[in-house]
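Participant: Just a sequence and a predicted model for now, questions to come.
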Amino acid sequence: MDSDQILLTQEGYDNIVKEHEHLVSVRRREVAERIKEAISYGDISENAEYDSAKNEQAELEDRIVKLETMMRKGKVINEEDLTGEHVNLGLRVLVKDRKTADQFEYVIVGATEADPFNGRISNASPVGKGLLGKAAGDVVDIQTELGTLSLEVLNIRKA
């Protein structure tokens, strides 16, 4: 796999495309209007509205470039290739903490889609990396910033 590649689920890729289309077709026009309006106030050398709008434009263009890079370098995981036999990107995995017996369910996603507070963990995170390739019944010890986690994979299914 190309080291520059960005792994994505289909949902993640679709969200990037949707955000890109919105920024290009809607937000760019809105920011351009703000700049035009600020210029109409006169002297732009001491115009806070103009400075603010130009900063917003720079941030917007930066985000558009980042999204375009993600779309260009993105590799969508083919869900039909996911059997559910082994933990992989785009799959939901139920694990049990062997120390506390607590159960957690995660969806393994690419780094750009990660949202740990909603159970979507990156394949590049310590837990995500440790679970990749494991099968139901496997036990894995994962070193984290808070110590070692001992997890048992209970179930793997499509997200």
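Facilitator: Yep, it's here.
Participant: what ranges do the helices span in the chain?
Facilitator: For the chain, the helices defined by DSSP state H occupy 10-22, 28-40, 48-73, 126-131.
Participant: Would you mind splitting the protein into its domains for me?
Facilitator: According to automatic domain parsing, the chain comprises the domains 6-76, 81-158.
Participant: Quickly compare those domains and say which is most buried.
Facilitator: domain 81-158 (a mean of 16; mean count of other CB atoms under 10 Å). Placement of C-beta: from N, CA and C, glycine included.
Participant: end to end, how far does that domain reach?
Facilitator: End-to-end span of domain 81-158 (CA to CA, to the nearest Å): 11 Å.
Participant: Now that domain: average pLDDT?
Facilitator: Domain 81-158 comes out with an average pLDDT of 92.
Participant: The chain should start at 14 in everything you say after this.
Facilitator: Got it, the first residue is 14 from now on, which makes the last one we talked about domain 94-171.
Participant: Surely residue 162 is in contact with residue 138?
Facilitator: No. Residue 162 lies out of contact with residue 138 (CB atoms under 8 Å); the separation is 11.6 Å.
Participant: Out of the helices of the chain, flag the one nearest residue 108.
Facilitator: With CB to CB as the criterion, residue 108 lies closest to helix 139-144 of the helices of the chain, at 7.1 Å.
Participant: which outside residues touch the closest one?
Facilitator: By CB atoms under 8 Å, 6 or more residues apart in numbering, the list of residues contacting helix 139-144 from outside reads 100, 106, 108, 119, 121, 134-136, 153-157, 162, 164, 166.
Participant: please redo it, this time with the cut-off set to 6 Å
Facilitator: Identification of contacts with helix 139-144 by CB atoms under 6 Å, 6 or more residues apart in numbering yields 100, 106, 121, 134-135, 153, 155, 157.
Participant: And those, which is closest to residue 30?
Facilitator: Nearest to residue 30 among those, counting by CB to CB, is residue 135 at 20.2 Å.
Participant: and residue 17, what pLDDT?
Facilitator: Looking at residue 17, its pLDDT stands at 74.
Participant: Centroid-nearest residue for this protein?
Facilitator: In the chain, the centroid-proximal residue (CA atoms, centre = their mean) is residue 126; its distance is 1.7 Å.
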